[in-house]
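> predicted model, plus sequence, below.
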Amino acid sequence: METLIFILILFALAFTTLPLIGWVIIIGLYSFFFFDAGILFFIPFIAIAFVLLNKEIRVRLITQKLVDMVKKRGLLPKISPTEEQALQAGTSWVESNFFNATVDFKRINDEKVTQLTDEEQAFLDNEVETLCNMTTDWEIFQNRDLSEKVWEYIKSKKFFGMIIPKEFGGLGFSATAHSKVIEKLVSRSQVLAITVMVPNSLGPAELILKHGTDKQKEKYLKNLAVGKEVPCFALTEPNAGSDATSITSYGTLFKDKSGKVKIKLNFEKRYITLGNIATLLGLAFQLKDPEHILGEKEDLGITFALVNAKLKSVDNSKRHDPLGIPFINSPLYGKDVVISIEDIIGGEAGIGHGWQMLVESLSIGRGISLPSVSLGGSKLALQTVASYTQLREQFGLNIASFEGVEEKIAKIAALTYLQNAARNFTLDAIDNGQKPAVVNSIMKYHATEKFREVINDAMDILGGAGIIRGEKNLLAHAYMAVPISITVEGANILTRNLMQFGQGLIKCHPYLYKQVQALQSDNTKEFDDLFFSHIGLVLKAFLKKMAYYLTRGYIAQPTGHFKRQKQKLLWVSSDFTFLSNLSLALFGANIKKKESMSARFGDILSWCYLITATLREYDKNPNSSHKELVEYVCDYGFSQIQTAKEHIVSNMPLFKYLLPVIKVNPFSAEPQDALNAKIVEKLQDESILDSLCSGLFVSNNRDDIMYKLLNAVQLNKHAQALFKKVKTALKKGELKHAPFEMVLQEALDKELISQEEFEQLSVAYEAKQEVINVDAFDAQDYKNQK
């Protein structure tokens with residue numbers, strides 16, 4: 001009994017903030033009064049306690065030897081200069097909870113929710129609505145471009161200036177407003193959304209705002225806001241994709257005949273959105289000073305400059321064809337292009353700071369733009385399949401009734417809710433001043449991957465209607481474009497295997513980065529404090545993890561909605577903290593090379609954040625009709641965490657033998673079939689579906705395919721009882737089996753239905769057939785299509 005009480009005391013201590021001396025006193029007193037511990041126990045206990053509690057002795061006897069061993073064996077990860085700059089480029093936010101064996105639900109719920117201003121809402125309701133009405137996705141694909149009228153509207157209404165402050169002629173929108181504009185545009189056309197998105201996330205405007213000189217801001221920002229200057233972000237090269245530090249485009253400093261310092265650029269870029277029509281290139285290059293004009297250094301590092309696309313020897317005349325999606329994407333070439341040193345962003349002070357500028361700029365695209373595109377696409381897919389499956393029938397039943405289809409619809413709905421929750425949480429943080437680089441990587445990877453799952457499932461449901469291109473197909477082009485978002489702004493394989501956990505471990509761990517800094521500066525005393533605090537964290541995480549494991553998390557008492565899911569999240573957080581530190585102890589600095597291991601830790605970290613965002617969304621916007629969706633996301637997420645943990649442990653020496661213990665008490669199983677059925681049943685309610693798909697563009701044009709789809713659903717719902725009446729008559733043999741139009745006529749002739757009911761059924765049936773039918777083209781017209 002005494003031993004059991006002692007273990008319970010240790011568990012309780014893990015949930016306190018007592019310093020080491022408090023642990024020693026409590027353990028010592030309990031052992032003295034309740035254990036039959038003699039002098040052979042207390043002499044070494046007191047000796048160990050004395051060494052651990054006396055810093056001077058501890059440093060001399062333990063820490064110094066430990067530092068020597070760590071340095072000799074290279075046990076802590078080394079941080080390169082480029083990694084150092086990346087770490088400084090953003091902030092650590094709630095994701096740091098999961099490296100600290102806790103979840104701060106109060107902080108999470110206290111994050112201020114961004115409300116759109118009246119001006120931002122009016123822009124969505126008017127300018128964005130008008131732009132969507134000006135074109136269609138099919139029209140854009142047939143013309144391989146936006147019309148001149150659309151281009152002019154985008155520029156004149158400052159769509160390119162959403163992030164530019166009003167003082168410089170822009171709209172000065174919040175990140176949330178920016179996201180909602182992209183979300184709505186993508187539901188009309190991905191090309192339209194990408195065209196507007198890129199200047200507001202990647203490129204000169206943001207770099208000039210943050211790093212430009214006053215002269216550069218005055219010269220460029222007003223023209224960028226109204227489209228007089230069209231920007232592009234020239235980074236990627238044939239041999240420098242996700243690894244932007246390996247760019248080989250270079251600029252050489254020289255003095256012209258008048259003695260002015262100039263730069264001669266030579267570059268080859270590719271995959272540059274808007275490159276073909278850009279007037280202003282934001283160009284990344286390696287700056288060299290072979291004549292030592294500015295100092296002793298010859299290689300001055302990655303630098304960013306503003307290059308006039310009309311300069312001699314700049315070639316942006318070509319275009320790429322990214323899977324047939326006709327947004328403007330191009331290679332760029334430059335041979336001996338001469339610019340002034342004042343064209344460097346930030347002037348001479350900006351030399352060599354290009355990598356940090358790049359990291360910051362890419363982070364915005366990862367956190368705002370691509371998640372907005374994925375969310376808008378997912379809402380479009382949900383609206384389409386939830387509506388279509390109510391109309392399409394097989395074997396006398398609408399296809400939403402089949403469990404296989406039901407399973408996919410439920411997943412689409414849940415992943416859409418998840419993306420919306422994660423988008424809202426992330427953008428609230430950004431609007432509140434955070435720069436969560438690790439979370440932005442999580443958002444980029446999971447938003448694009450979840451959209452890939454959504455669109456694949458949606459295409460499976462639509463079947464033939466999904467694969468026949470034409471005006472009636474709402475999803476084909478989105479499906480075709482998925483690999484583009486997976487690839488851009490850091491390929492997803494890189495993001496998952498290297499960035500999420502690799503960057504998160506250094507940036508978010510409460511002690512690791514500081515320990516590395518202490519070692520690099522030979523500050524043994526500071527390292528001592530950090531190391532023993534680190535050991536304390538691991539001990540607490542282990543005890544918490546065991547307490548939660550043995551009680552399945554029920555000992556935690558969180559507040560608010562979904563307490564059970566919050567208990568599990570606390571359990572996972574302590575488990576993740578212990579497991580990640582265990583891997584650090586096992587693999588040391590080599591953990592950065594264990595890419596598959598890092599990827600699975602990244603999966604756990606990501607799902608911790610995504611579940612957190614989902615729970616926070618419900619706490620902020622409780623809606624009983626969404627409860628099943630939150631349940632689904634949590635069940636699905638915790639099961640993904642369980643799988644990742646099993647893979648990690650199975651690849652750890654010795655610890656893989658603990659796998660049966662881990663499997664016998666899992667965090668969760670995947671969502672149950674009954675949950676799928678509840679979700680799909682609720683989606684039959686128009687108000688619930690609308691709440692999940694809010695923000696989509698729906699045209700009032702009666703010839704628009706989305707209008708026709710939603711109108712057909714309404715007509716057929718209103719006629720549902722009449723359709724059932726006719727089908728019953730068919731089963732009884734009162735009507736002959738024939739084409740439905742003939743069946744209706746026979747029902748009218750036999751007075752089974754009235755003339756008014758006949759007309760209602762005919763209109764509803766015709767509307768349904770119009771939606772279900774796919775496009776077909778004259779053979780010659782088909783050959784002429786683009």
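Received, thanks.
> CA atoms for contacts and neighbours, from now on please.
Fine.
> quick one: distance of stretch 669-679 to the chain centre.
25 Å (C-alpha atoms, centre = their mean, to the nearest Å).
> residues contacting that stretch, please?
403, 406-407, 409-411, 413, 628-629, 632, 635-636, 638-639 (C-alpha atoms under 8 Å, 6 or more residues apart in numbering).
> kindly recompute the last result at 7 Å.
E406, E407, A410, E628, L629, Y632, D635, Y636, S639 (C-alpha atoms under 7 Å, 6 or more residues apart in numbering).
> with stretch 10-29 instead?
Residues contacting stretch 10-29 (C-alpha under 7 Å, 6+ apart): A49, L53, K540, L543, K544, A547.
> buried subset of these?
Neighbour counting with 16 or more other C-alpha atoms under 10 Å marks A49, K540, L543, K544, A547 as buried within the contacts of stretch 10-29.
> contacting residues around the second one?
Contacts for K540 were tallied using C-alpha under 7 Å, 6+ apart; they are A14.
> in what helix or strand does it lie?
Here K540 sits within helix 524-551, counting by DSSP states H and E.
> just the buried residues of that helix, please?
Under the neighbour-count criterion of 16+ other C-alpha under 10 Å, helix 524-551 has 524-528, 530-531, 533-534, 537-538, 540-549 buried.
> got the buried residues for the helix or strand just after that helix?
Along the chain past helix 524-551, the next helix or strand (assigned with DSSP H and E) turns out to be helix 563-587. Using 16+ other C-alpha under 10 Å as the test for burial, helix 563-587 gives 565-581, 583-584, 587.
> again, but for stretch 107-115
For stretch 107-115, using 16+ other C-alpha under 10 Å, the buried residues are I108, N109, V113, T114.
> just the ones of those residues in helices?
I108, N109 (DSSP state H).
> and I662, what element?
helix 659-664.
> next secondary structure after that helix?
helix 673-683.
> how far off centre is that following helix?
On C-alpha atoms, centre = their mean, the centre of helix 673-683 falls 26 Å from the chain's centre.
> again with stretch 55-73
Centroid displacement of stretch 55-73 relative to its chain, using C-alpha atoms, centre = their mean, is 42 Å.
> give me the pLDDT for V59.
Note for V59: predicted pLDDT of 82.
> residues touching it, list them.
Contacts of V59 were listed using C-alpha under 7 Å, 6+ apart, and they are K525, D528.
> one more: D289?
With contacts defined as C-alpha under 7 Å, 6+ apart, D289 is in contact with T252, L253, E298, D299.
> in space, what's closest to the last one - neighbours in sequence excluded?
Think D299. Take D299 and drop its neighbours on the chain: the residue closest to it by C-alpha to C-alpha, 6 or more residues apart in numbering is K288, 4.8 Å away.
> so the one you found touches F254, yeah?
No - K288 is not in contact with F254 according to C-alpha atoms under 7 Å; the separation is 9.7 Å.
> so how far is E393 from N676?
20 Å (C-alpha to C-alpha, to the nearest Å).
> again with M459
17 Å.
> how far is the helix holding K540 from where the chain is centred?
31 Å.
> cool, and stretch 772-786?
37 Å.
> quick one: contacts of it?
Applying C-alpha under 7 Å, 6+ apart, the set of residues contacting stretch 772-786 is Q142, R392, A465, I468, G470, K472.
> buried ones in that stretch?
Neighbour-count burial for stretch 772-786 [16+ other C-alpha under 10 Å]: I772, V774.
> and the residue nearest to D299, what is it in contact with?
K288 neighbours (C-alpha under 7 Å, 6+ apart): G251, T252, L253, E298, D299, L300.
> and for the helix or strand hosting R270, what are the contacting residues?
In the assignment (DSSP H and E), R270 maps to strand 261-273. Contacting residues not belonging to strand 261-273 are listed as 232-238, 249-256, 328-341 [C-alpha under 7 Å, 6+ apart].
> just the helices from the stretch 151-300 of the chain, written as ranges.
175-186, 190-197, 204-211, 214-225 (DSSP state H, counting those that start in this stretch).
> same check on the stretch 351-500 of the chain?
354-364, 370-391, 403-431, 437-462, 464-467, 476-487, 492-494, 500-508.
> deepest-packed of these, please.
helix 370-391 (a mean of 27; mean count of other C-alpha atoms under 10 Å).
> how close does K158 sit to L185?
15 Å.
> which one's more surrounded, these two?
Taking neighbours as other C-alpha atoms under 10 Å, K158 and L185 compare with L185 leading, 30 against 22.
> skipping adjacent residues, who's closest to that one in space?
A193 (5.0 Å).
> residues contacting that neighbour?
Contacts of A193 by C-alpha under 7 Å, 6+ apart are I182, L185, V186.
> between those, which sits nearest K149?
Of all the contacts of A193, K149 sits closest to L185, with 16.4 Å by C-alpha to C-alpha.
> and that closest one, how far is that from V488?
Relative to V488, and taking C-alpha to C-alpha, L185 is found at 19 Å.
> sorry, back to before: buried members of the contacts of strand 261-273 into ChimeraX, please.
Buried members of the contacts of strand 261-273, defined by 16+ other C-alpha under 10 Å, are picked up in ChimeraX with:
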select :232,233,234,235,236,237,249,250,251,252,253,254,328,329,330,331,332,333,334,336,337,338,339,340,341
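> just give the closest residue to the spatially most central residue of the chain, not the sequence neighbours.
Nearest to the geometric centre of the chain sits M443, at 1.6 Å (C-alpha atoms, centre = their mean). Residue nearest to M443 in three dimensions, not counting chain neighbours: G367, with 5.7 Å by C-alpha to C-alpha, 6+ apart.
> now for the contacts of stretch 10-29, which pair is the farthest apart?
L53 and A547 (27.0 Å).
> list the buried residues for whatever helix or strand V150 lives in?
Under the criterion of DSSP H and E, V150 resides in helix 148-156. Across helix 148-156, burial judged by 16+ other C-alpha under 10 Å covers V150, Y153, I154, K155.
> helices of the stretch 601-750 of the chain, residue ranges please.
627-650, 659-664, 673-683, 686-692, 705-718, 720-732, 740-749.
> CA atoms only: put the helix or strand following the last one into CSV for me.
Scanning the chain past helix 740-749 towards its C-terminal end, the next helix or strand to appear is helix 755-772 (assignment: DSSP H and E). Listed in CSV are the C-alpha atoms of helix 755-772, where the atom choice follows Å, rounded to 0.1, in the frame of the first residue of the first chain:
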residue,chain,number,x,y,z
GLN,A,755,-52.6,18.4,-63.4
GLU,A,756,-50.9,20.7,-60.9
GLU,A,757,-49.0,17.7,-59.4
PHE,A,758,-48.1,16.6,-62.9
GLU,A,759,-46.6,20.0,-63.7
GLN,A,760,-44.7,20.1,-60.4
LEU,A,761,-43.2,16.6,-60.9
SER,A,762,-42.3,17.4,-64.5
VAL,A,763,-40.5,20.6,-63.6
ALA,A,764,-38.6,18.9,-60.7
TYR,A,765,-37.7,15.9,-62.8
GLU,A,766,-36.5,18.0,-65.7
ALA,A,767,-34.4,20.1,-63.3
LYS,A,768,-32.9,17.0,-61.9
GLN,A,769,-32.1,15.5,-65.3
GLU,A,770,-30.5,18.8,-66.4
VAL,A,771,-28.1,18.6,-63.5
ILE,A,772,-27.4,14.9,-63.8
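> and helix 755-772 with helix 720-732, angle?
90 degrees (axes from the mean of the first three to the mean of the last three C-alpha atoms, to 10 degrees).
> wait, which of the buried residues of helix 148-156 is closest to R423?
Nearest member of these to R423, counting by C-alpha to C-alpha, is I154, at 24.7 Å.
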